[in-house]
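*Asks:* Quick one, structure for this:
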Amino acid sequence: MGMQAALRLVYPPQCVACGAAVATEFGLCGACWRDTGFITGTVCDLCGLPLPGDGGGVAHCDDCIALARPWERGRAVFLYRDKGREMVLGLKHADRTDLARPAGDWLFRAAGPILQAGMVVAPVPLHWWRLFTRRYNQSALVAARLARLAGLAHCPDLLKRIRPTGSQEGRNREGRFGNLSGAIRVHPKRVDRVKGAHVLLVDDVMTSGATLAACAEACLAAGAGRVSVAVLARVAKDA
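*Replies:* Residues are numbered from 1 along each chain as shown. The predicted model follows:
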């Protein structure tokens, strides 16, 4: 018996959401899979929100029609509710860094239609004080996994949040965009990585898109050729 098989006998794989027994490591049990709200079928090509339809052609949600997004394509793994929301909060606030691996795997699959050779993968940055208190950037962990699976370059410090912005929770759309105004810049030492590049921004949650817009605008201002986005969870108005 190999070492891996022996370890499986002592430590059998568990569901990453509830701890129930599963067949493979870093997987979900059937019940948690059903309660995660994975996005399938027709989606908005700018943010990944699920839409009605048969999947033919390019579709956009109402928000992305109303707002001029500074990126060209986007995808999301699941809706921000139920088990999906629990896992995002666990990764973000409860030191569940083990969730970064399955999250990166899911995001790799969800983002498949927009992934292109030569992309530079960059996470949405935390302010240095938030990074100090949390000890890790959850988006950077997921971005690293996605980049590895896709064979793309990962630049975890491509962007800097130059001032603390606080929580976006409780702010209306205008407040969210205003709160991020001028808060994010390309790292001075990474300008050469941005020029002419197709940047794939990675974040944990998209609500209004204000944070991703600030990041995309910073990349474009520094000379990026194109920007796309990929997020774990998309907030839906009726979710």
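*Asks:* what ranges do the strands span in the protein?
*Replies:* 73-79, 120-123, 153-154, 159-161, 184-186, 198-206, 226-234 (DSSP state E).
*Asks:* Looking at those, spot the one closest to A218.
*Replies:* Across these, A218 has its closest neighbour in strand 184-186 (4.9 Å, C-beta to C-beta). Where you see a C-beta, it was placed from the backbone N, CA and C, and this is true even at glycine.
*Asks:* circling back to that earlier point, any chance of the strands of the chain in CSV, with mean pLDDT too?
*Replies:* CSV is the format used below for the strands of the chain (pLDDT from 0 to 100):
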stretch, mean pLDDT
strand 73-79, 98
strand 120-123, 98
strand 153-154, 98
strand 159-161, 95
strand 184-186, 94
strand 198-206, 97
strand 226-234, 98
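*Asks:* Give me the distance between E72 and G30.
*Replies:* Look at E72 and G30: by C-beta to C-beta, to the nearest Å, they are 36 Å apart.
*Asks:* So these two - more neighbours on which side?
*Replies:* E72 (14 against 10; other C-beta atoms under 10 Å).
*Asks:* rewinding a little: quick one, which of the strands of the chain gets closest to I114.
*Replies:* strand 73-79 (4.4 Å).
*Asks:* Work out the gap between the closest one and the centre of the chain.
*Replies:* A distance of 8 Å separates the centroid of the chain from that of strand 73-79, by C-alpha atoms, centre = their mean, to the nearest Å.
*Asks:* Stretch 105-121 now?
*Replies:* In terms of C-alpha atoms, centre = their mean, the centre of stretch 105-121 is found 11 Å from the chain centre.
*Asks:* could you dump that stretch to PDB, C-alpha only?
*Replies:* Backbone C-alpha positions of stretch 105-121 (Å, rounded to 0.1, in the frame of the first residue of the first chain) are rendered in PDB as follows:
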ATOM      1  CA  ASP A 105     -10.300  24.600  -9.600                       C
ATOM      2  CA  TRP A 106     -13.900  25.800 -10.000                       C
ATOM      3  CA  LEU A 107     -12.900  29.200 -11.200                       C
ATOM      4  CA  PHE A 108     -10.600  27.600 -13.800                       C
ATOM      5  CA  ARG A 109     -13.600  25.700 -15.200                       C
ATOM      6  CA  ALA A 110     -16.000  28.600 -15.000                       C
ATOM      7  CA  ALA A 111     -13.600  31.000 -16.700                       C
ATOM      8  CA  GLY A 112     -12.600  28.500 -19.400                       C
ATOM      9  CA  PRO A 113     -14.500  30.400 -22.200                       C
ATOM     10  CA  ILE A 114     -12.700  33.600 -21.500                       C
ATOM     11  CA  LEU A 115      -9.200  32.300 -20.800                       C
ATOM     12  CA  GLN A 116      -6.600  33.200 -23.400                       C
ATOM     13  CA  ALA A 117      -2.900  32.400 -23.800                       C
ATOM     14  CA  GLY A 118      -0.600  35.200 -22.600                       C
ATOM     15  CA  MET A 119      -3.000  36.600 -20.000                       C
ATOM     16  CA  VAL A 120      -1.600  38.000 -16.800                       C
ATOM     17  CA  VAL A 121      -3.600  36.900 -13.800                       C
END
